[in-house]
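1. Fold the following for me, if possible:
(one chain, ligands or ions: 2)
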Amino acid sequence: MAFCFWVLLLFVTNIVLISAGRSGVVSQNLLQVKKQLKQLNKPAVKFIKSPDGDIIDCVHVSHQPAFDHPLMQNHTIQMRPTFHPEGVLGESTIKVSSSKSSKPIVTQLWHTKGSCPEGTIPMRRTKKKDLLRASTIKSYGKKVHKSIPQPPRSSDLDFISQSGHQHAIAYVEGDKYYGAKATLNVWEPKIQQPNEFSLSQIWILGGSFGEDLNSIEAGWQVSEDLYGDNNTRLFTYWTSDAYQATGCYNLLCSGFIQINNEIAMGASIYPVSGYQGSQYDINILLWKDPKEGNWWMQFGNNYVLGYWPAFLFPYLSDSASMIEWGGEVVNSESEGQHTSTQMGSGHFPDEGFGKASYFRNIQIVDGSNNLRDPKGIATFTEQPNCYDVKTGKMGDWGNYFYYGGPGRNPNCP
Ligand SMILES: *[C@@H]1O[C@H](CO)[C@@H](O)[C@H](O)[C@H]1NC(C)=O
Ligand SMILES: *[C@@H]1O[C@H](CO)[C@@H](O)[C@H](O)[C@H]1NC(C)=O
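-> Ligands and ions are numbered 1, 2, ... in the order given. Alright, predicted model coming up:
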C-alpha cells in the first residue's frame, strides 16, 4: 500500500511540476479524476484485496454500471438465460457438463482471499493511477484505435496496419450465427511497451466494418495501460459503432449486466500455461438468448457471467454475420522496428502442443440454437513472419488452430 501511495504521490507531484503556475488546470484535472472514479466504482458491500494488488468490490447487482444507462431504468435483470446451447435449462442450475478433467481448474487470483456474497457481483476497483495512465481520463477503458481484423478485403490492409494492430485469426462468415464457443490456453505474453497489448479472444460481429460495426468480444489479455501490470486477465469488450463512441472493456461503462458473484471482469486468471510445462485452458461461450434477444457469456463450465442487453446491438438483433477467434497485438513500431510484443505463447504454430498457443473445439451456435462445427473456416494474418495461424481437425479437439508468434525476429524486422 505504501508503495502505491508513493507512486501516486509521484504522479501527482509530476503533474504539479509540469503545470506549475497553472494550478487551475491541476485542480480541474483532479476534480475530473474524482468524478470519473465515482462514476466507475460503485458502492461496495465488502471488498477483497487480491494478492496482485487489485481490490475487488462486491457490489449489489442492482448497483452495477449497466443501470446508469437511461434505457436501463426499467430493466428487469434476467437472473438466468431462457436457453443454453448446451442443453435447455431445467429446474436444476445452470451448471453445465461437469468437468471430467483432472487438471486444476483455472480461476482467478483474488479467490484465494475471499468471496463475494450472493446478490452481489465482484468488480475490479478502478484506482486513480489507472485513470492517470490513460491518454485522457474519459478514454480509460475504451479502445483508442479501430482494431477489427478485417480479413475478407485484403486490399484494405493499409487501413489495418495503419492502426498498428496485428492479428492471427480463424474466422467464418456468410451465414447466420447465434453464438460461438472455444477452449483456449492461457499465457502471459511479454509486452514491449505499456501502450501495446496482447490478447486472445472470440469476436461476434455484425454490421459493416465502416461506422456501424457491432462487436462483442471476450477472452484474456495483457495490457499495462489498462491494468498497470503484465498479468493475464479475463476481459470483455463491446461496441456498436466501430469503436467510436459506444462500448468499453469489462464493466467500465454501462452495457454488460453481470449476474455472477464469482468471476470479476478484468481480474487476473490463474494459473497460466508454461512453455513445455503445464497447459491451462479456459472455455468461453457467447450466445444469443432466442427469447429475450440478449447476448450471454459463460466462462469455464460453470460460470454464467451475465449478458449484454439486446438493445445495445442493432446489427446483432437477429444474428451475427461473422465470428472470429484468435490473437491481436498492438505494433507501435517504435524506432522503426516491428514490436517484440508476443502473441499467445510468443511461439509460432509449428511448435505445436505445450509450446504454441491454441484454440480448440471452436464451434458456432447455428439457427436451431445448437453448437456445431463451423463450416468454411478461413484464416487471416497480416504478417505470417511475425505472427501466424494454422488450423486442423482431430478427435477430442474438433476444429482447432495454433496461433501466435514472437513479433520481431530476423524474418520480421
Ligand atoms: C420507465 O417507466 C416509466 C413509467 O412506466 C416510463 O414513464 C418511462 O418512459 C420508462 N423509461 C424507459 C426508458 O423505458
Ligand atoms: C511489464 O513488462 C515490460 C516488459 O517485459 C516491463 O518493461 C515492464 O516494467 C512491466 N511492467 C510492470 C508494471 O511490471
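
2. Tell me the strands beside the longest strand anywhere in the chain, with direction?
-> Longest strand of the chain, by residue count under DSSP state E: strand 165-177. Within its sheet, strand 165-177 is paired with strand 320-330 (antiparallel), strand 378-381 (antiparallel), according to DSSP bridges.

3. Give the rounded mean pLDDT of the helix or strand just after it.
-> Where DSSP states H and E defines the elements, the next helix or strand beyond strand 165-177 is strand 179-185. Averaging pLDDT along strand 179-185 gives 98.

4. Same check on stretch 402-413?
-> The pLDDT scores in stretch 402-413 average 97.

5. for stretch 137-153, same thing?
-> Across stretch 137-153, pLDDT averages out at 68.

6. Which positions in the stretch 101-250 of the chain make contact with ligand 2?
-> Neighbours of ligand 2 within the stretch 101-250 of the chain, by Cβ under 6 Å from any ligand atom: 190-191, 224, 229-230. Where you see a C-beta, it was placed from the backbone N, CA and C, and this is true even at glycine.

7. ok, now with 5 Å
-> Proximity of the stretch 101-250 of the chain to ligand 2 (Cβ under 5 Å from any ligand atom) is limited to residues 190, 229-230.

8. ok, back up a step: out of the strands paired with strand 165-177, nearest to ligand 2?
-> strand 320-330 (13.3 Å; Cβ to the nearest ligand atom).

9. follow-up on the earlier one: what's the closest of the residues of the stretch 101-250 of the chain next to ligand 2 to ligand 1?
-> For these, the nearest to ligand 1 is Asp229 (38.9 Å; Cβ to the nearest ligand atom).

10. Confirm that that closest one sits in a strand.
-> No - Asp229: not assigned to a strand; according to DSSP: H, G, I helix; E, B strand; the rest coil it is coil.

11. Report the contact partners of it.
-> With contacts defined as Cβ atoms under 8 Å, 6 or more residues apart in numbering, Asp229 is in contact with 52-53.

12. ok, now the one 3 residues further on?
-> With contact set as Cβ under 8 Å, 6+ apart, Thr232 has these partners: 186-188, 220-222, 268-269, 272.

13. And it, how close does it get to Gln298?
-> In this view, Thr232 and Gln298 are 19 Å apart by Cβ to Cβ, to the nearest Å.

14. buried subset of the contacts of Thr232?
-> Among the contacts of Thr232, the ones that count as buried by 16 or more other Cβ atoms under 10 Å are 186-188, 220-222, 268-269, 272.

15. For ligand 2, state which of those residues is nearest.
-> Distance to ligand 2 across those (Cβ to the nearest ligand atom) is lowest for Val222, with 8.3 Å.

16. Give me the neighbour count for the residue of the stretch 301-413 of the chain found nearest ligand 1.
-> The stretch 301-413 of the chain approaches ligand 1 most closely through Phe311 (10.0 Å), counting by Cβ to the nearest ligand atom. Residues lying near Phe311 (other Cβ atoms under 10 Å) number 14.

17. wait, doesn't it sit right on His69?
-> No - at 9.3 Å, Phe311 does not count as touching His69 under the criterion of Cβ atoms under 8 Å.

18. ok so, going back, redo the buried ones among the contacts of Thr232 as CSV? Include secondary structure.
-> Formatted as CSV, the buried ones among the contacts of Thr232 follow (three-state DSSP):
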residue, secondary structure
Val186, coil
Trp187, coil
Glu188, coil
Trp220, strand
Gln221, strand
Val222, strand
Ser268, strand
Ile269, strand
Val272, coil
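
19. Output those as TSV; include the columns distance to Asn369.
-> Below are the buried ones among the contacts of Thr232 laid out as TSV (distance: Cβ to Cβ, whole Å):
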residue	distance to Asn369
Val186	28
Trp187	32
Glu188	36
Trp220	27
Gln221	29
Val222	34
Ser268	33
Ile269	29
Val272	33
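
20. From the residues you listed, pick the one nearest Thr120.
-> Ser268 (19.7 Å; Cβ to Cβ).

21. one step back: just the strands paired with strand 165-177: most buried one?
-> Here the criterion is mean neighbour count by mean count of other Cβ atoms under 10 Å, and of the strands paired with strand 165-177 the winner is strand 320-330, at a mean of 26.

22. what separates that one from the chain centre, distance-wise?
-> 11 Å (Cα atoms, centre = their mean, to the nearest Å).

23. what angle separates it from strand 179-185?
-> 30 degrees (axes from the mean of the first three to the mean of the last three Cα atoms, to 10 degrees).

24. Determine the next helix or strand in the C-terminal direction from strand 320-330.
-> strand 357-365.

25. Which residue does the protein have closest to ligand 2?
-> Nearest residue of the chain to ligand 2, counting by Cβ to the nearest ligand atom: Asn230, 3.8 Å away.

26. Name the SS class of Val33, please.
-> Looking at Val33 with three-state DSSP, the answer is helix.

27. A helix includes Gln39, no?
-> Yes - Gln39: assigned to a helix according to three-state DSSP.

28. Please renumber the chain so that the first residue is 46 from this point on.
-> Done: numbering now begins at 46, and the last item shifts to Gln84.

29. in the protein, what residue is nearest ligand 1?
-> The nearest approach of the chain to ligand 1 comes at Asn119, 3.7 Å away (Cβ to the nearest ligand atom).

30. now the longest strand of the chain, how far from the centre of its chain.
-> 16 Å.
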